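> Below are the sequence and a predicted model; questions follow.
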Amino acid sequence: MAPLLRPEGWALLEALPPYTGPDAAMALGERLRAEGAEPQLVAAAMTQSRLRAKGEAKFGPFAAGMLFTAEGLEQATRLQVAAHHARRFRDAGCTRVADLGCGIGGDAMALASLGLGVLAVDRDEATAAVATVNLRHWPEAQVHRADVLDVVAELGRDGSVDGAWLDPARRNASGRRVLDPHHASPPWSAVLDVARRVPATGVKLAPGVPRDVAAGSGLAAEVQWVSVDGDVVEAACWFGPLARPGRAATALVLRSAEHGGTATLVDDEGLEVPPAIGSPDGVGAYLYDPDGAVVRSGLVGQVAALVGGSLLDPSIAYVTSDRLVTTPLARALAVEEVWPFGLKALRTRLRDRGVGAVEVLKRGSAVDVEQLRRSLRLEGPRQATLVLTRVAGRQHVLLCRPVTTPSAPTPPRPSPDRDQNPGPETAP
């Protein structure tokens, strides 16, 4: 990183053409070295060019003026989500927020852009240097290289900050992901310590965190799951004035600009346990596949209430209804047929209907999707969606087709052929 912080290093980086791929980058690097540029400087600049291109997915056009580390970019909050974080602090009346474990500075940038003072802290020297560069446009943002645990002991004593945000490292020394917040760095105990010192505290967590993560802390808290274009990107626990009163679990469903740029919030107000159908005859004309953030937050019942539907099975997060309702909270599929699951019978039925390509969704099924695909050996002009799941306690397969409505943009589809079991399969 150091070569890029020199004037000649920054000038070289800014002069590079947009990154288009490894072959073009290799040729460009060879040309720059042949022209006399330092090999170390060229390598650093080419690495940043590649990371900037990758960073566009999270930071859009801002990535072109930022610096990154590979690990920092991976953990960084995408700007669309960070903006929602920042608004929480602003709306709670905070004026200066400590970003503890700031990484490359994504959340700190969002906070500073709303006029909030920022104390950004990271213990890694290179990462702190990157954050300093990325926050250069906001003089009210300060970056300190320090251990978060050392800073925690001083928080709240002099009133220098009235808000705190933590993004604990979720990989251990060997590089493996850490899902349990008690084993993150800083650990959950330190997070609670911060929340007791600075009531307006928020923390970013892995999406697989249990819904009762804050239970027993003695602190008022709201846990929110966030998805972007159908992918669950984080859970966040909000304490004190940052938590919505009386709300224990919420889901924020975001769409990128390419998919409408919408933000839909659903919470547990009035949440009831949805009914479940008693037999396959109860499957309605439509199947709703709730967004992953809705499933993880245990709010599938809100989708059922919205569409006037029932669960396929009490333990499965699929909702069926005869009503077609357009909502960002769930993807709608038209149900054509419902069959008991059996490989030979399924192969025959699909071939008889001319199905040659399938998208496979599943919940509550142990079927290996790739092995199923090989066994089906489909041929035909038609495409369809297969849903492998339990219906009233027994394994069934639903033959479906996607539904779109002219009044709303087509929602992004989840990755095909994946097991859609994001933790608990359903909840009230």
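The structure has been received and is ready for your questions.
> For the stretch 51-200 of the chain, which residues score under the pLDDT cut-off?
Scanning the stretch 51-200 of the chain for pLDDT under 70 picks out 156.
> redo that, cut-off 80
Scanning the stretch 51-200 of the chain with the threshold set as pLDDT under 80 gives 156-159, 170-175, 178.
> Quick one: the strands in it, in order.
Listed in chain order, the strands of the stretch 51-200 of the chain (DSSP state E, counting those that start in this stretch) span 96-100, 117-122, 141-145, 163-166.
> Kindly reformat these as TSV containing mean neighbour count.
Placement of C-beta: from N, CA and C, glycine included. Listed next are the strands of the stretch 51-200 of the chain as TSV, based on neighbours: other C-beta atoms under 10 Å:
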stretch	mean neighbour count
strand 96-100	27
strand 117-122	26
strand 141-145	19
strand 163-166	28
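> could these be laid out in a markdown table, adding distance to Gly202?
Shown next, in a markdown table, are those (distance: least, C-beta to C-beta, whole Å):
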| stretch | distance to Gly202 |
| --- | --- |
| strand 96-100 | 9 |
| strand 117-122 | 14 |
| strand 141-145 | 18 |
| strand 163-166 | 5 |
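> Nearest approach to Thr385 belongs to which of these?
Closest approach to Thr385 among the strands of the stretch 51-200 of the chain is made by strand 163-166 (39.9 Å; C-beta to C-beta).
> May I have the strands that pair with that closest one, each with its orientation?
strand 96-100 (parallel), strand 201-205 (parallel) (DSSP bridges).
> could you dump the ones you listed to JSON lines with distance to Ser160?
Formatted as JSON lines, these follow (distance: least, C-beta to C-beta, whole Å):
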{"stretch": "strand 96-100", "distance to Ser160": "7"}
{"stretch": "strand 201-205", "distance to Ser160": "15"}
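> out of those strands, nearest to Glu269?
With C-beta to C-beta as the criterion, Glu269 lies closest to strand 201-205 of the strands paired with strand 163-166, at 20.8 Å.
> could you point out which element follows the closest one?
As assigned by DSSP states H and E, the chain's next helix or strand after strand 201-205 is strand 221-228.
> From the chain's centroid, how far away is the next helix or strand after that next one?
Of the helices and strands lying after strand 221-228 in sequence (DSSP H and E), the nearest is strand 231-239. In terms of C-alpha atoms, centre = their mean, to the nearest Å, the gap separating the centre of strand 231-239 from the centre of its chain is 8 Å.
> what does stretch 377-388 give?
Counting by C-alpha atoms, centre = their mean, stretch 377-388 is centred 30 Å from the centre of its parent chain.
> got a list of contacts for that stretch?
Stretch 377-388 has contacts (C-beta atoms under 8 Å, 6 or more residues apart in numbering) with 287, 289, 318, 333, 336, 341, 347, 350-351, 353-363, 365, 367, 372, 395, 397-402.
> The helix or strand Val358 falls within pairs with which strands, and in what direction?
According to DSSP H and E, Val358 maps onto strand 355-362. Note on strand 355-362: by DSSP bridges, its sheet partners are strand 382-391 (parallel), strand 418-419 (parallel).
> Quick one, grab the pLDDT at the closest residue to Ala220 other than its chain neighbours.
Residue nearest to Ala220 in three dimensions, not counting chain neighbours: Ala243, with 5.5 Å by C-beta to C-beta, 6 or more residues apart in numbering. For Ala243, the pLDDT comes out at 96.
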